[in-house]
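Chemist: Turn this into a structure:
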Amino acid sequence: MRVCLASTSPARLMLLRQAGIEPITRSPQVDEDAVIAAIESAESRTLPPAEHVLVLARRKAADVASTLAAAQPGFDGIVIGGDSMFAFGGAVLGKPLTPDVATDRWHRMRGGTGILHSGHSVFRLSPGAEPREAFAVAEAAVTFADDITDAEIAAYVASGEPLQVAGAFTVDSLGGAFITRVEGDPSTVVGMSLSTLRRLVADLGVAWTDLWNRPDPS
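Modeler: Sure, this is the predicted structure:
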């Protein structure tokens, strides 16, 4: 059973590898801003975070699944797509990109709790059969320590780690020491919920253990 990750995210790739899966990776050709803008314009509303991430996860997975099926009609396996965003204090926090924005966010998040929304889409591709999809959203509440010092925030921002990640934090690297609690599947905060993926794969008639293809490290 082959696995394709419709993402070039190092965090998502790492998660699958840690779960015993070595996927091939493909970058989806999806203009995320245009997709969301078109839907919000047509429906005259702002998509809530859970809907937002699910729309993008499905578009990304569908794009790669379509391209893969056309290029490799004999492909027998699954395609996984995902998207995440962090909501805190009524606002959606994307990648801060600059030290000033990251610093401001950490001062606001200190001692508070936000919600990480993660959309998942899985396509089952089989030779001679129509693609089938299963999808879901997972959420995890993240609580930050209330005693983080200004010096610690400055040092964390100076490391560069928070600048290119949604919400300006990681749970599996330097930022993990500043998080006191995660409610929900912890892998959701890294990039994808493994327990959610397992359920979606099962819905498509595939056993999660059939995806294990990493060589025995011993």
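Chemist: Just name whatever secondary elements the lowest-mean-pLDDT helix or strand in the chain is in contact with.
Modeler: The weakest-scoring helix or strand in the chain, judged by mean pLDDT, DSSP states H and E, is strand 91-93 (a mean of 87). Counting contacts by 3 or more Cβ pairs under 8 Å, 6 or more residues apart in numbering; DSSP states H and E, strand 91-93 packs against strand 77-88. To be clear about C-beta, it is placed using only N, CA and C from the backbone, and glycine gets the same treatment.
Chemist: just the strands in this structure please.
Modeler: In the chain, the strands defined using DSSP state E lie at 2-5, 24-25, 77-88, 91-93, 113-125, 132-144, 179-183.
Chemist: ok, back up a step: buried sites along the least confident helix or strand of the chain?
Modeler: 92-93 (16 or more other Cβ atoms under 10 Å).
Chemist: which other residues reach that strand?
Modeler: 49, 52, 85-87, 105, 114, 166-168 (Cβ atoms under 8 Å, 6 or more residues apart in numbering).
Chemist: Could I get the buried residue list for the longest helix seen in the chain?
Modeler: Across the chain, the longest stretch assigned as helix under DSSP state H is helix 49-71. By neighbour count on 16+ other Cβ under 10 Å, the buried set for helix 49-71 is 49-65, 67-69.
Chemist: any idea how far Leu163 lies from Val157?
Modeler: 8 Å (Cβ to Cβ, to the nearest Å).
Chemist: Which positions in stretch 101-115 come out as buried?
Modeler: By neighbour count on 16+ other Cβ under 10 Å, the buried set for stretch 101-115 is 101-103, 105-106, 109-110, 114-115.
Chemist: Against Ser9, how distant is the most centrally placed residue in the chain?
Modeler: With distances taken as Cα atoms, centre = their mean, Gly191 lies nearest the centre of the chain, 3.3 Å away. Counting by Cβ to Cβ, the gap from Gly191 to Ser9 is 6 Å.
Chemist: and for those two, which residues touch both?
Modeler: Overlap of the contact sets of Gly191 and Ser9 (by Cβ under 8 Å, 6+ apart) consists of Gly82.
Chemist: the more surrounded of Leu163 and Val157?
Modeler: A count of neighbours by other Cβ atoms under 10 Å puts Val157 above the other of Leu163 and Val157, at 22 against 15.
Chemist: My understanding was that that one contacts Arg105; is that so?
Modeler: No. In this structure, Val157 is not within contact of Arg105 by Cβ atoms under 8 Å, at 9.4 Å.
Chemist: ok, back up a step: what distance separates the least confident helix or strand of the chain from the centre of its chain?
Modeler: Strand 91-93 has its C-alpha centroid displaced from the chain centroid by 16 Å (Cα atoms, centre = their mean, to the nearest Å).
Chemist: Make sure Pro49 is actually in contact with Met85.
Modeler: Yes. Counting by Cβ under 8 Å, Met85 is a contact partner of Pro49 at 5.3 Å.
Chemist: Are there residues contacting both of these two? Which ones?
Modeler: Here Pro49 and Met85 share the contacting residues 92, 117, scored by Cβ under 8 Å, 6+ apart.
Chemist: quick revisit: which residues sit in contact with the residue nearest to the centre of the chain?
Modeler: 9, 11-12, 15, 82, 84, 118.
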